[in-house]
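J.: Can you look at this prediction? I've put the sequence above it.
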Amino acid sequence: MAGATTVHAWMVAQARHRAAGSALDRQPAWPTAALSPRLGLSHPQTHPAMTPTIRTVAICRYGAGNVRSVELAMQRLGAELVDDLEGADLAILPGVGSARSAMDGLRERGTDDVLRARHAAGQAILGICLGLQLALDESEEDGGVAGLGLVPGRAVRLQGGRVPRIGWAHVEPGGETYWFAHSYAAETAATTATSEGVAAVVESGSFTGVQFHPEKSGAAGARFLEQCLSRA
């Protein structure tokens, strides 16, 4: 991860390319995959001068939903799904449900300690939606739940507007639109991108957390996941 481009920097670059009318807004910069602009899917494509690098991805399984959609999204990008949470290039912590039941599931399987060890070793972790909130010190959901402590901060219930917050929304910087579905959000100094005043992307060491669902966000989500893979 040393010297790797942060997701925030990538989003800023995407915004600049878009503002300049660059073709990079339509074609991703990575050489090993081509996106279908109609379907928002990625198809492995060998570059004539390079050998594609296959990234291994381990998805945390602890009784939470949304695992299958994340699996399909990573397979479309050419990633190899493995069960080796300790050794995979990228570990993904998905999540749909409540903070307490999710943390109980992680502890029962020892996954919480594995994720802390990965983070301490600088190995890439991606938290999605509830997965981002679990990475914080604590959540006020379910009367208060201690989190993994990978990122300083806490998850708080949304105030005002529609709750739960469901639908497509812009993320800044970058201006991309992603799919959100949540009632809680992170309050942390590690926030690097926002959506309507709510933390959308959080980065701390080797951990990147997103409040949106990239696996359900079409071409924009595929580009984001590809960037996460390239950094792993």
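T.: Alright, I've got the coordinates. Note that the coordinates shown come from a computational prediction; the quantities given were computed from them, not determined experimentally. Numbers count the residues shown, from 1 in each chain.

J.: in the chain, which spans are helices?
T.: Ranges of helices in the chain, per DSSP state H, are 7-19, 67-76, 99-109, 111-120, 130-134, 218-231.

J.: Lowest average confidence across helices and strands of the protein, where is it?
T.: strand 33-36 (a mean of 31; mean pLDDT, DSSP states H and E).

J.: Quick one: closest of the helices of the chain to Gly144.
T.: helix 99-109 (9.1 Å; C-beta to C-beta). Using the backbone N, CA and C atoms, a C-beta is placed for each residue, glycine as well.

J.: Give me the residues contacting the closest one.
T.: Helix 99-109 is contacted by residues 60-64, 95, 111-112, 115, 130, 133-134, 139, 141-142, 145-148, 155, 184 when judged by C-beta atoms under 8 Å, 6 or more residues apart in numbering.

J.: what does stretch 149-160 give?
T.: Outside stretch 149-160, the residues that touch it by C-beta under 8 Å, 6+ apart are 99, 115-116, 119, 125, 133, 135-141, 147, 163-165, 182-190, 198, 202, 204-205, 207, 209.

J.: Can you give the distance from that stretch to the centre of its chain?
T.: Taking C-alpha atoms, centre = their mean, to the nearest Å, one finds stretch 149-160 lying 16 Å from the centre of the chain it belongs to.

J.: pLDDT of that stretch, averaged?
T.: Across stretch 149-160, the average pLDDT comes to 96.

J.: Can you give me the end-to-end span of it?
T.: Length of stretch 149-160, first residue to last, C-alpha to C-alpha, to the nearest Å: 27 Å.

J.: Would you mind confirming that Thr188 makes contact with Val201?
T.: No. The criterion here is C-beta atoms under 8 Å, and Thr188 misses it with Val201 at 10.9 Å.

J.: what about these two, which has more around it?
T.: The neighbour count for Thr188 versus Val201, taken as other C-beta atoms under 10 Å, is higher for Val201 (26 against 20).

J.: State the distance from Ala146 to Ala199.
T.: From Ala146 over to Ala199 the distance is 19 Å, taken as C-beta to C-beta, to the nearest Å.

J.: quick one on the thing from earlier: dump the helices of the chain to TSV, plus mean neighbour count and distance to Thr194.
T.: Rendered in TSV, the data for the helices of the chain read as follows (neighbours: other C-beta atoms under 10 Å; distance: least, C-beta to C-beta, whole Å):
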stretch	mean neighbour count	distance to Thr194
helix 7-19	17	11
helix 67-76	18	23
helix 99-109	18	21
helix 111-120	18	23
helix 130-134	28	13
helix 218-231	22	15
